[in-house]
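Trainee: structure for the following, please:
(4 chains)
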4 protein chains.
Amino acid sequence: MHKTQDPHFAERVRASFARQPAMTLIGASMPVIEPGYTEIHLPHKPEITQQHGYIHGGVVGMIADSAAGYAASTLTGHETSVLTVEYKLNLLAPAEGQLLIAEGSVVRYGRTLIVTRAEVFAVKHGRKMLCALMQQTIIAVHGKQEQPAKP
Amino acid sequence: MHKTQDPHFAERVRASFARQPAMTLIGASMPVIEPGYTEIHLPHKPEITQQHGYIHGGVVGMIADSAAGYAASTLTGHETSVLTVEYKLNLLAPAEGQLLIAEGSVVRYGRTLIVTRAEVFAVKHGRKMLCALMQQTIIAVHGKQEQPAKP
Amino acid sequence: MHKTQDPHFAERVRASFARQPAMTLIGASMPVIEPGYTEIHLPHKPEITQQHGYIHGGVVGMIADSAAGYAASTLTGHETSVLTVEYKLNLLAPAEGQLLIAEGSVVRYGRTLIVTRAEVFAVKHGRKMLCALMQQTIIAVHGKQEQPAKP
Amino acid sequence: MHKTQDPHFAERVRASFARQPAMTLIGASMPVIEPGYTEIHLPHKPEITQQHGYIHGGVVGMIADSAAGYAASTLTGHETSVLTVEYKLNLLAPAEGQLLIAEGSVVRYGRTLIVTRAEVFAVKHGRKMLCALMQQTIIAVHGKQEQPAKP
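Mentor: Below is the predicted model:
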């Protein structure tokens, strides 16, 4: 569907994701990176729950935001970084189960603004249930390549 | 401004917050609990940052969502629990500094739906800068008192 | 996909739409009413434009909001009325062309809250372009049948 | 509070508003234009109502969107035009009364993106009630002065 401007988008996105300590803290990984699309997977663990034992809604928002933001990043040139302008998230059901999957995708790619969406699914006993829906606006900042953290 | 229906709202909210492992994981505390208003404070630490060393936007969303949700909870009866229906968050500036303060407040209290907002400030060298703005819808679920986690 | 509780949903929705003078004022019609889905069509006319001659963004929002709200209404019982709690709309491109089509659909149907979405397309010289995207929350008010306006 | 870059912002905004036939159609006026702030006033008339006789929620959204967008426009240079990127609107109460007042204001002014908010009040028998709350993102397009419509 989408064309990327950077043949090395997957490596670039993977490296950027790896530089986010917050994603490591919650235990998230990004096993799928395609043009205009990424997936973040997040296994349940007690440390990321709320008071009822489900994964915290704020954590659901974190992976939705990141999956969709990186979906935008897959389509930009390598010298461009992306920032979240805003997003709107509906929580549809408790994030109950063994695994969350956030699927981020690009709805409309523009030079400056990129509109994306994310669906977050909770996988419980092998069944995938939609638990959150997000609509997001991303800004592309050209000529501001993302820097590896300084040692 | 707002009237609460539960004289023990502060203890109730404080206890609920304490039951959220995800808040402990990121290092958040809730030092201010007033009728229709709460504050979540979050000191910077490397584990909650993104690739540029600022606190992760998803973490900013987490504390905005929780501060405003608990602001709603301060006004309900003790037998009522609250759930986030949805929120919309604008990220206005990088969350740069030593401390984040999320100020959640109730805009309109209804029996079923409660509309709230949150402002998140980054405190850098003693200066407080607005870095995120959220508008949120909460649903009150009556007769569903929040349960302490089972041992 | 969706099951409706009211075999006469189409007549009910059509009649409700016909009782909205604001829809008549802008020239909107609702030619498609299916379970969980409606379409509002709006031909271009100078009276509904903004300063550049395109259909006004606020009018785009009006038909997106209504198409998705009525999509929710198709699934409720006949004694239930629906209200918009909130929506978030991204304007993706100018509403340029001869006709706008707002396609509203239900994402998740709950007894109290219904989450919907709408896509608005501009039809220009036979080509359909996505110009707006909306995510919306609807509340179902049971036992409050919509009343015909009093004479 | 806010500084404008254009000493003639009020005339510029007033002229732009006057070029919007959609605002004329619904009967809206813009009596207040200050730096970073505008008000749109809209008297009740049957043509802009929904099925219960209140002003249509979509019309509420129209004036909220426009008031906040023009609030952004007051702060830009005269050669800059503004576009709505997106907004999120909560409808808090029916728009019941003789007059609606949409108060749009700038929350954060940036060179490219401007974040705004609007509150819409319904005035009924002299009492002003908050009926809608909006949070919005505006983009400033530099070097694209708004053109008067061609004759």
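Trainee: hey, which strand is longest across chain A?
Mentor: In chain A, assigned by DSSP state E, the strand with the most residues is strand A:127-141.
Trainee: what packs against that strand?
Mentor: For strand A:127-141, the elements it packs on are helix A:57-73, strand A:81-91, strand A:113-124, strand C:81-91, strand C:99-109, strand C:127-141, judged by 3 or more Cβ pairs under 8 Å, 6 or more residues apart in numbering or on different chains; DSSP states H and E. Where you see a C-beta, it was placed from the backbone N, CA and C, and this is true even at glycine.
Trainee: the second one and chain C in contact?
Mentor: Just to be clear, that refers to strand A:81-91. Yes - for strand A:81-91, a contact with chain C is found by Cβ under 8 Å from any Cβ of the partner chain, at A:88, A:90.
Trainee: what does chain A put close to chain B?
Mentor: A:16, A:19-26, A:46-53, A:55-59, A:61-63, A:65-66, A:83-91, A:146-147, A:149.
Trainee: how about the longest strand of chain A: buried residues?
Mentor: For strand A:127-141, the neighbour count (16 or more other Cβ atoms under 10 Å in any protein chain shown) marks A:131-140 as buried.
Trainee: next one: it to chain centre, how far?
Mentor: Relative to the centre of its chain, strand A:127-141 is centred 8 Å away, using Cα atoms, centre = their mean, to the nearest Å.
Trainee: partners of that strand in the sheet?
Mentor: Strands that pair with strand A:127-141, judged by DSSP bridges, come out as strand A:81-91 (antiparallel), strand A:113-124 (antiparallel).
Trainee: in PDB, list the C-alpha atoms belonging to the first one.
Mentor: As requested, C-alpha coordinates have been extracted for strand A:81-91 and formatted as PDB (Å, rounded to 0.1, in the frame of the first residue of the first chain):
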ATOM      1  CA  SER A  81      12.200  12.300  12.900                       C
ATOM      2  CA  VAL A  82       8.600  12.100  13.900                       C
ATOM      3  CA  LEU A  83       6.800  13.500  17.000                       C
ATOM      4  CA  THR A  84       3.300  12.900  18.300                       C
ATOM      5  CA  VAL A  85       1.200  16.000  18.000                       C
ATOM      6  CA  GLU A  86      -1.800  14.500  19.700                       C
ATOM      7  CA  TYR A  87      -3.900  11.400  19.900                       C
ATOM      8  CA  LYS A  88      -7.400  10.300  21.000                       C
ATOM      9  CA  LEU A  89      -7.900   6.900  22.500                       C
ATOM     10  CA  ASN A  90     -11.100   5.100  23.300                       C
ATOM     11  CA  LEU A  91     -10.800   2.300  25.800                       C
END
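Trainee: quick one, that strand and strand C:99-109 angle?
Mentor: Between the axis of strand A:81-91 and that of strand C:99-109 there is an angle of 60 degrees, by axes from the mean of the first three to the mean of the last three Cα atoms, to 10 degrees.
Trainee: quick one, strand A:81-91 and helix B:57-73 angle?
Mentor: Interaxial angle, strand A:81-91 versus helix B:57-73 (the same axes, to 10 degrees): 30 degrees.
Trainee: how about the nearest residue to A:Leu99, chain neighbours excluded?
Mentor: Leaving aside its chain neighbours, A:Leu99 sits nearest to A:Val123 (4.3 Å; criterion: Cβ to Cβ, 6 or more residues apart in numbering or on different chains).
Trainee: tell me how far the one you found lies from B:Asp6.
Mentor: The gap separating A:Val123 from B:Asp6 is 37 Å, by Cβ to Cβ, to the nearest Å.
Trainee: what parts of chain A come near chain C?
Mentor: So far as Cβ under 8 Å from any Cβ goes, chain A lies against chain C at A:88, A:90, A:92-93, A:107-108, A:115, A:117, A:130, A:133, A:135, A:137.
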